[in-house]
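sharing a sequence plus its predicted fold:
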Amino acid sequence: MTARFAGRVAIVTGGGAGIGEAIVRRLVAEGARVAFCDIDGAAGARLARDLGDAVTFRELDVADGDGLTAFIEHAAAQRLDILCNNAGITEPGSTRDIDLATWRRVMAVDVEAVFLGCRAAIPHLRRSDRAAIVNTASLAGLGGYAGMAAYSTAKGAIVNYTRSLAIDCAADGIRVNAICPGLVRTPMTSVHRSDPAREARMMSTIPLGRVAEPHEVASVVAFLASDDASYVTGCALPVDGGTFAAVRPGLSGAGAAL
Ligand code: NAD
């Protein structure tokens, strides 16, 4: 594997499992030093043990804005080149049945933490000559999913926040992009994939006919974070096996990709 990130420092939120873990592994494999956080201390510690000196881990709920800011300030003290705002949660519920506390929790983790992470990181990223932010949005940010009001709203906000931030940061040389994964084989989606009938229904909505592996999403994040994407900013890139290209009305969050 090429060392596109040799000498560079990256921060990844929600790096203990799933897509975030794959991002951490990929950035390290390409030479980066990575500071990652996760609310799951055991999962994060396991990964940190596995990857050794190339990483540092902090147990953290990204909804704790002061904690997130302190984590970023510490990790970026020497330098910072890449920020991956990846931590996210999903909660089912349409407007009729989602309660306000759940709605606010999704907004705090999926939206506010991205804003606070960027705000803390930008002064440090300005010092890098190759700075990039990659936000993990979702296909749910490109179209509404029935029965997932909070999640669709949050991910839609991230798509447009990414565009807005890309414009604001362009003069500082900081590129800002988002990925919009479809259905990825992670702990988050295990419940959707555990029922064979439901899984078959979901597969029928994906032109490539299969679920993405986390490393297939991480490789796109690495591309967007790298000089290979030096002229790409403000984009929300579907990583979805063609699902968005073939969007069909009437899919619910439970039946469509996440
Ligand atoms: P996951 O639940 O499998 O893993 C998420 C990781 O983030 C876990 O290690 C978890 O402990 C951590 N995390 C959750 N809440 C946190 C918090 N408040 N603070 C810190 N860490 C926290 O999820 P995933 O599937 O890997 O999803 C990662 C991102 O990708 C999320 O933003 C999600 O919305 C997005 N996404 C996932 C899919 C999919 O199909 N899996 C599709 C589209 C978008």
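Ah, there it is. Note that this is a predicted model, so its numbers are computed, not measured. Numbers count the residues shown, from 1 in each chain.

residues contacting the closest residue to Asp228 other than its chain neighbours?
Once flanking residues are discounted, Asp228 sits nearest to Arg4: 7.3 Å by CB to CB, 6 or more residues apart in numbering. Placement of C-beta: from N, CA and C, glycine included. Going by CB atoms under 8 Å, 6 or more residues apart in numbering, Arg4 touches Glu30, Gly31, Ala222, Ser226, Asp227, Asp228.

hmm, which helix or strand of the chain has the shakiest average pLDDT?
None of the helices or strands of the chain scores lower by mean pLDDT, DSSP states H and E than helix 190-193, at a mean of 80.

tell me, how many residues neighbour Ser190?
When neighbours are counted by other CB atoms under 10 Å, Ser190 registers 10.

how close does it sit to the ligand?
Distance from Ser190 to the ligand, counting by CB to the nearest ligand atom, to the nearest Å: 8 Å.

so Ala87 sits right up against Gly16, yeah?
No: applying CB atoms under 8 Å, one finds Ala87 not in contact with Gly16, separated by 9.3 Å.

overlap of the contact sets of these two?
Residues touching both Ala87 and Gly16 (CB under 8 Å, 6+ apart): Asp38, Ile39.

closest point of the stretch 51-200 of the chain to the ligand, which residue?
Residue of the stretch 51-200 of the chain nearest the ligand, by CB to the nearest ligand atom: Gly88 (2.1 Å).

enumerate every residue touching that residue.
Shown in contact with Gly88 (CB under 8 Å, 6+ apart): Gly14, Val109, Asp110, Thr136, Ser138, Ala154, Lys155.

out of the residues you listed, which sit inside helices?
Ala154, Lys155 (DSSP state H).

ok, and which of the contacts of Gly88 reach the ligand?
Among the contacts of Gly88, proximity to the ligand is found for Gly14, Val109, Thr136, Ser138 (CB under 6 Å from any ligand atom).

just the helices in the stretch 151-258 of the chain please.
In the stretch 151-258 of the chain, the helices defined using DSSP state H, counting those that start in this stretch lie at 190-193, 196-203, 214-225.

now these as TSV including distance to Gly52?
What follows is the helices of the stretch 151-258 of the chain, written out as TSV (distance: least, CB to CB, whole Å):
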stretch	distance to Gly52
helix 190-193	28
helix 196-203	36
helix 214-225	19
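
out of the ones you listed, which one sits most buried?
Most buried of these, by mean neighbour count (mean count of other CB atoms under 10 Å): helix 214-225, with a mean of 22.

show me the contact partners of that one.
Residues contacting helix 214-225 (CB under 8 Å, 6+ apart): 4-5, 10, 18-19, 21-23, 25-27, 30, 82, 84, 132, 134, 136, 175, 177, 179, 181, 184-186, 229, 232, 235, 237, 239.

return the subset of those residues lying in strands.
Counting by DSSP state E, the part of the contacts of helix 214-225 found in strands is Ala10, Ile82, Cys84, Ala132, Val134, Thr136, Arg175, Asn177, Ile179, Pro181, Leu237, Val239.

filter these to the buried ones?
Neighbour-count burial (16 or more other CB atoms under 10 Å) applied to the ones in strands among the contacts of helix 214-225 gives Ala10, Ile82, Cys84, Ala132, Val134, Thr136, Arg175, Asn177, Ile179, Pro181, Leu237, Val239.

mind listing what the fifth one touches?
Shown in contact with Val134 (CB under 8 Å, 6+ apart): Ile82, Leu83, Cys84, Asn85, Asn177, Ala178, Ile179, Val221, Leu224, Ala225.
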